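J.: test case, fold it:
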Amino acid sequence: MQQLQRKPRPFLFLGILALGLTGCSRSVVLPRESLEPGQQFGKTRVLTADGFEYQFDRLLVQPDSLRGEYQQEVQRQSAAAGVYYEDIVRAQAVPLERVSSVAVKKADPSRTFFAGVGTAAVVMLFKNLFDSQLQNGGGGGSRTKPDPS
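T.: Residues are numbered from 1 along each chain as shown. This next block holds a predicted model:
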């Protein structure tokens with residue numbers, strides 16, 4: 001009797017690799033009092049006391065303000081190149097006394113790990129169910145219609 005060998009499933013490895021690369025994140029809210037000059041953050045949301053919200057790609061805490069940078073796509077035109085688009089970095093300062101809090105996105109390795117383990121467990125469960133169904137003869141086949149006469 002010849003035994004079938006299991007081959008590694010590349011889609012399973014690719015899925016786990018994609019999950020590891022993207023990862024899970026969480027938002028940490030920092031009150032104004034905890035901000036110190038010189039701190040830098042990436043991907044932030046600044047909430048002001050008067051209800052405004054600013055989103056920045058990069059944020060620098062200065063002694064009297066927050067300096068945020070964000071990218072903006074602008075349309076340019078030249079005689080030689082015609083119309084083209086360019087990404088430029090803009091900066092905006094928000095006075096520190098107007099700031100209520102800053103929400104920072106941080107990578108969360110524990111969430112990424114548990115999401116990966118859960119995904120792998122679900123994939124393995126379905127794979128085992130599918131394999132057991134094939135071994136029991138439930139994998140398909142053809143059925144002949146009875147003769148009506």
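J.: all contacts plus neighbour counts: C-alpha atoms, from now on.
T.: Will do.
J.: quick check: buried residues in stretch 77-94?
T.: Neighbour-count burial for stretch 77-94, with 16 or more other CA atoms under 10 Å as criterion, is recorded at Val94.
J.: cool, and stretch 27-39?
T.: Buried residues in stretch 27-39 (16+ other CA under 10 Å): Arg32, Leu35.
J.: and that stretch, end to end?
T.: Counting by CA to CA, to the nearest Å, you get 17 Å between the two ends of stretch 27-39.
J.: go on, stretch 39-57?
T.: Counting by CA to CA, you get 14 Å between the two ends of stretch 39-57.
J.: mind listing the strands for this structure?
T.: Secondary structure of the chain by DSSP state E: the strands cover 25-31, 40-48, 53-61, 65-78, 82-95, 99-107.
J.: ok, Arg26 to Phe52 distance?
T.: Distance from Arg26 to Phe52, by CA to CA: 22 Å.
J.: ok, of the strands of the chain, where does mean pLDDT dip lowest?
T.: When the strands of the chain are compared by mean pLDDT, strand 25-31 comes last with a mean of 83.
J.: quick check: angle from that strand to strand 99-107?
T.: Counting by axes from the mean of the first three to the mean of the last three CA atoms, to 10 degrees, strand 25-31 lies at 150 degrees to strand 99-107.
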